[in-house]
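Visitor: just need the structure, nothing else, for what follows:
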Amino acid sequence: MSLKPKRVDFTSTWADLQETVKGVITLGNVARGTWNDRFSDVYSLCVAYPEPLADRLYSETKKFLENHVSQELAKVRKAGEKNLLSGYHDSWKQFSRGIDYLHKLYLYLNTQHIKKQKLSDAELTYGSLSVEATEQMKEIGELGLHIWKTQMVEPLEGDLVGQLLEGIKYDRKGGAAGGSHFQSDSTIYGVIQSLVSVEEYKKKGNLDLYEEIFEKPFLLATGEFYREEAAKLLGEGSISQYMERVITKIEAEDVRSRKFLYPSSYQKVTGECEQRMVGDHLTYLHSECKPMVAGERRGDLANLYRLLKPISGAQAVLLEEVQAHIRQAGMESIADVKGETMHTDFVENMLTVHKKYRDLIQEVFQGDQAFVGALDKACTAVINHREPKTASKSPELLARYCDSLLKKSSKGISEMEIDDKLASSITIFKYLDDKDVFQKFYSRSLGKRLIHMQSHSMDMEEAMINRLKQACGYEFTSKFHRMFTDILTAEDLNSKFTTFLSNSNTEVGINYFIRVLQQGAWPLSNSGLTPIAVPIQLEKTVQMFEAFYSKQFSGRKLTWLHHLSNGDVKLGYTSKTYIINMTTTQMAVLLLFDKSDSLSYSELQDTTKLADDQFPRYVQSLLDAKLLMINTDSLGASSVISLNLKYNNKRTKFRIAGTVQKETPQEIEATHHAVEEDRKMYLQAAIVRIMKSRKLLKHNALIQEVLSQSKARFAPSISIIKKCIEMLIDKQYIERTQNSTDEYSYVA
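Guide: Numbers count the residues shown, from 1 in each chain. The predicted structure follows:
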């Protein structure tokens with residue numbers, strides 16, 4: 001075969017080619033040799049001399065295809081209405097395969113002639129030529145599909161769609177397995193698929209035909225069918241049965257969609273079913289939320305969640321009910337907590353409620369973040385609940401709970417259990433609004449545990465501080481870390497002091513262990529100091545340590561916290577030898593009886609130099625321990641206090657220091673007051689920082705900025721922020737602008 005252009009007789013060549021085209025389009029038996037000859041004929045016609053005959057070939061092929069599809073249409077109609085779908089489907093199967101082969105036979109015409117004349121996508125989209133896509137020459141495969149659409153699908157549109165809808169409706173009503181009363185599932189699927197395939201070659205809008213002639217009426221029919229179904233189901237049973245049946249029907253319809261429809265319709269069909277059976281009956285479903293949530297009917301709640309989730313905004317009522325229910329359960333769990341175990345009951349009851357509803361949300365609502373958010377809001381409301389004009393007690397109770405676990409006194413509980421409980425307590429901590437109040441109380445209890453060596457384990461203390469740091473940042477726990485450092489460096493300091501004493505050949509006569517604490521890190525104010533005359537037995541140690549410390553660190557000033565110090569006193573006047581651990585203040589009182597068996601109230605007070613409010617407290621603690629006796633019914637100015645020479649105790653070594661170390665209501669009040677003062681300073685610093693960066697700011701914008709910066713530590717009231725703004729105006733850090741009363745400017 002020569003590739004050179006030559007003269008070609010179109011009529012005779014087309015006659016041969018037409019026979020082969022007919023064989024190809026009807027899937028007849030075309031020999032390989034014939035195929036090759038016709039392929040060459042297409043090439044010859046496209047490059048014919050003197051005039052290429054490509055346009056004429058295209059025109060004749062088009063006429064042939066139009067004629068062929070018209071014959072197929074007549075054949076389908078002749079088969080009758082009952083066989084319309086199967087006849088159409090069989091015809092489409094043959095035509096779609098045939099046109100695919102024909103497209104390959106006309107390869108040269110498609111690639112060298114038609115493609116060059118077609119406008120590019122860019123020209124169609126942006127070009128100034130207003131050419132309809134239908135006016136363009138199409139490749140033979142596309143031409144065949146276009147003819148099928150205009151001359152087969154469009155004339156049969158109404159009948160085809162009507163029968164498709166009937167077939168699917170029959171399937172919905174539980175028709176014979178594997179097909180309807182007049183055609184198989186594969187036929188319905190094949191016909192629907194043909195509506196997509198016939199325009200698949202298009203780059204834009206290739207689903208327009210499918211959506212317009214089939215999907216729209218199908219969705220309307222689906223909606224109508226399920227509207228009737230919903231009305232029927234509502235009258236037949238309870239809400240539980242209704243939800244179960246609706247879910248079954250939605251799932252069945254989804255399976256049906258996958259059996260018959262094109263994937264782009266799956267979600268639309270499911271959405272239509274949900275809207276008709278759920279969306280149209282939201283009032284009824286919402287009215288059943290409350291009893292379901294109150295009864296914690298997990299199966300019903302899971303079904304209700306499954307139905308409401310896909311519909312926009314439908315979950316709001318369920319969310320509110322769940323949140324209100326959790327809040328009520330939380331309030332009930334902590335309503336009766338009181339007494340010595342109040343802190344333990346509060347935290348553990350709250351953790352039980354949290355765990356119960358967290359598990360319920362995981363199981364019933366599949367861990368949906370909206371419901372996790374409802375749990376968080378409910379727990380926050382319960383934990384931060386306060387009576388009007390009173391502070392929330394939660395931070396203090398949580399700090400006491402942690403203290404009770406970290407103290408040595410936690411009996412009958414393993415270290416692993418303590419660690420688990422401490423880890424769980426962080427859950428409550430995260431919900432606290434007033435984290436700064438917790439910080440103050442935790443700091444005080446940590447200080448007492450470290451000073452009086454009452455910690456269960458230093459590793460546990462450190463682990464708890466690290467958990468708090470993880471939850472709230474380094475700044476929150478920086479003082480806790482410094483307290484730790486002071487305790488850890490005390491060992492080294494005492495060994496240096498011992499070396500100092502031996503180098504100066506000084507004997508102090510007692511055993512000692514002195515801790516130096518950084519004033520800024522420890523929650524110990526000088527206001528709590530009790531004036532006291534240091535016992536003679538301790539004076540030398542105190543003086544020598546002060547000399548040693550001033551030599552080690554110049555410029556540092558030591559303040560002795562005798563009310564927090566303690567020591568062991570050995571009783572030598574009793575039948576048995578007793579070693580008693582007591583505070584330095586108790587010791588100062590008891591050691592005065594070393595030279596005298598009895599002393600008057602005033603003599604004791606004058607010698608110890610204790611304040612009027614403190615002196616009776618310490619003497620009473622020794623009377624309660626039965627180490628001292630009085631000649632009156634109760635301790636007073638006229639009492640004579642004497643040593644109990646007949647003192648007896650089963651234990652030979654014990655401590656009485658704890659009797660004066662319990663936290664008093666005054667100390668709790670002082671802690672709250674300290675928190676208030678710290679808050680004012682924190683807010684003032686925040687306002688100055690904001691104003692320094694912004695220079696000019698409206699009143700409401702400043703309030704919002706301060707609230708957002710403070711929320712990690714506490715929730716300040718608007719009134720306290722206003723007070724702090726006024727304070728800063730008085731201190732001339734900021735000022736009101738001249739033109740506006742609700743605008744502030746930073747004073748550099």
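Visitor: what about the closest residue to Ala715 other than its chain neighbours, which helix or strand?
Guide: Leaving aside its chain neighbours, Ala715 sits nearest to Asp433 (4.3 Å; criterion: Cβ to Cβ, 6 or more residues apart in numbering). All C-beta atoms are positioned from the backbone trio N, CA, C, and that covers glycine. Using DSSP states H and E, Asp433 sits in no helix or strand.
Visitor: tell me, how many neighbours does Asp433 end up with?
Guide: Neighbour count of Asp433, defined by other Cβ atoms under 10 Å: 18.
Visitor: right, and it touches Ser392 too?
Guide: Yes - here Asp433 reaches Ser392: they are 7.1 Å apart, a contact under Cβ atoms under 8 Å.
Visitor: intersection of neighbour lists for these two?
Guide: Residues touching both Asp433 and Ser392 by Cβ atoms under 8 Å, 6 or more residues apart in numbering: Asn384.
Visitor: distance of the residue nearest to Ala715 from Gln470?
Guide: 19 Å (Cβ to Cβ, to the nearest Å).
Visitor: let me see the contact set for the residue nearest to Ala715.
Guide: By Cβ under 8 Å, 6+ apart, the residues touching Asp433 are Thr380, Asn384, Ser392, Phe714, Ala715.
Visitor: of the residues you listed, closest to Ile734?
Guide: Within the contacts of Asp433, proximity to Ile734 (Cβ to Cβ) peaks at Phe714, which comes in at 22.1 Å.
Visitor: now that closest one, what's its secondary structure?
Guide: coil (DSSP: H, G, I helix; E, B strand; the rest coil).
Visitor: that one: how many residues sit nearby?
Guide: Per other Cβ under 10 Å, the neighbour tally for Phe714 reads 21.
Visitor: do the same with Phe497
Guide: Phe497 has 20 nearby residues by other Cβ under 10 Å.
Visitor: what's it in contact with, if anything?
Guide: Phe497 neighbours (Cβ under 8 Å, 6+ apart): Ile514, Met544, Phe545, Phe548.
Visitor: make it 10 Å
Guide: By Cβ atoms under 10 Å, 6 or more residues apart in numbering, Phe497 lies in contact with Val508, Tyr512, Phe513, Ile514, Thr541, Met544, Phe545, Phe548, Tyr549, Gln552.
Visitor: of those, which is the most crowded?
Guide: When neighbours are counted by other Cβ under 10 Å, Phe545 leads the contacts of Phe497 with 21 neighbours.
Visitor: what's the strand or helix carrying that one in contact with?
Guide: In this structure, Phe545 sits in helix 536-552 according to DSSP H and E. Under the contact criterion Cβ under 10 Å, 6+ apart, helix 536-552 has outside partners 493-494, 496-501, 504, 506-512, 514, 516, 533-535, 556-558, 560, 562, 565, 567, 569, 584, 587-588, 591-592, 594.
Visitor: which of the residues you listed count as buried?
Guide: Among those, those buried by neighbour count (16 or more other Cβ atoms under 10 Å) are 493-494, 497, 500-501, 508, 514, 534-535, 560, 562, 565, 567, 569, 584, 587-588, 592.
Visitor: now, those that are in strands?
Guide: The strands, defined by DSSP state E, take in Gly567, Val569 from the buried ones among the contacts of helix 536-552.
Visitor: the buried ones among the contacts of helix 536-552 in helices, which ones?
Guide: For the buried ones among the contacts of helix 536-552, the ones inside helices are Leu493, Asn494, Phe497, Phe500, Leu501, Thr584, Met587, Ala588, with DSSP state H as the criterion.
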